[in-house]
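**Student:** Using only what follows, build the 3D model:
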Amino acid sequence: MLEQYDLHNLMVIDIETVPQYSTFDQVPEHFQKLWDLKTQFQRKEATPEEFYDRAGIWSEFGKIICISVGIFINGKNTGLRVKSFASHNEKELLEQFAALLAGQPASLILCAHNGKEFDFPYICRRMLINGLKIPAQLEISGKKPWEVNHLDTMELWKFGDYKSYTSLSLLAAIFNIPTPKDDIDGSMVGHVYWVENQLERITTYCQKDVVATAQLLRRYRGEELITDECITMVG
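**Tutor:** Reported below is the predicted structural model:
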């Protein structure tokens with residue numbers, strides 16, 4: 001499976017997002033009303049204020065605080081090089097990520113877990129909101145489906161069926177991909193950012209997901225996992 005892809009022309013990415021404001025009270029009044037309308041069917045009996053800790057899921061009400069990327073490198077054994085862009089200033093972060101992609105071929109393949117549903121469109125929307133041009137590798141407008149170089153490890157696992165979300169953690173477990181026991185999970189990122197002010201901790205969590213996704217790609221291809229000594233964290 002996936003033998004047709006050159007892993008050295010592929011970049012694995014993962015993003016971490018949080019609500020744009022630390023509390024619902026700080027959200028501008030007109031956006032509070034829009035949040036109420038946007039989430040009225042998801043909230044069930046929760047109030048808009050009680051539901052606001054999930055605002056990071058929606059690109060209109062959230063922001064990106066970290067993008068981690070991983071590239072496969074040659075050597076005696078295949079390696080993985082991981083770099084992160086993390087900042088309280090979202091535009092600055094996105095500009096740095098766009099600059100990285102600008103130095104890569106337009107044919108570069110981007111891969112993420114649930115990337116087609118979440119990571120790729122979220123990045124594009126936030127770039128537009130911040131007045132930035134969408135990089136060629138993320139641009140899908142006007143392209144035929146086979147011209148879009150995006151891989152999604154969750155979509156690949158579906159094999160065409162329509163079952164619900166399959167987490168990266170579950171796939172890592174069934175493919176025996178070792179993952180460190182994290183002290184946080186995705187649901188805690190907003191609290192760790194806004195209350196504990198620990199962006200570095202979130203960055204480490206994001207990097208681990210990039211490594212797990214890269215290892216999952218190797219398993220899909222029937223290849224050995226990348227050893228710890230061949231994984232390099234940059235910066």
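**Student:** So the residue nearest to Thr23 when sequence neighbours are not counted: helix, strand or coil?
**Tutor:** Once flanking residues are discounted, Thr23 sits nearest to Tyr52: 7.4 Å by C-beta to C-beta, 6 or more residues apart in numbering. C-beta here means a position set from N, CA and C on the backbone, and glycine is covered the same way. Three-state assignment for Tyr52 (DSSP: H, G, I helix; E, B strand; the rest coil): helix.
**Student:** next one: Val12
**Tutor:** Counting by three-state DSSP, the backbone at Val12 sits in strand.
**Student:** How about Val192?
**Tutor:** Here Val192 is helix, with the state taken from three-state DSSP.
**Student:** Hmm, Ile202 and it touching each other?
**Tutor:** Yes. Val192 lies in contact with Ile202 (C-beta atoms under 8 Å); the separation is 5.8 Å.
**Student:** Could you check which of these two has the larger neighbour count?
**Tutor:** Each of Val192 and Ile202 has its neighbours counted (other C-beta atoms under 10 Å); Ile202 has more, 22 against 18.
**Student:** A strand includes that one, no?
**Tutor:** No. Read with three-state DSSP, Ile202 is helix and lies in no strand.
**Student:** pLDDT score for it?
**Tutor:** Ile202 carries a pLDDT value of 94.
**Student:** wait, isn't it in contact with Glu16?
**Tutor:** Yes. Contact criterion C-beta under 8 Å: Ile202 and Glu16 qualify, at 5.3 Å.
**Student:** so what sits against both of these two?
**Tutor:** Taking C-beta atoms under 8 Å, 6 or more residues apart in numbering as the criterion, Ile202 and Glu16 both touch Ile65, Cys66, Val189.
**Student:** can you tell me how far the residue nearest to Thr23 sits from Pro19?
**Tutor:** Distance, Tyr52 to Pro19, using C-beta to C-beta, to the nearest Å: 6 Å.
**Student:** Show me what counts as buried in the strand ranked longest in the chain.
**Tutor:** Identified as the longest strand of the chain according to DSSP state E is strand 62-73. Within strand 62-73, the residues scored as buried using 16 or more other C-beta atoms under 10 Å are Gly62, Lys63, Ile64, Ile65, Cys66, Ile67, Ser68, Val69, Gly70, Ile71, Phe72.
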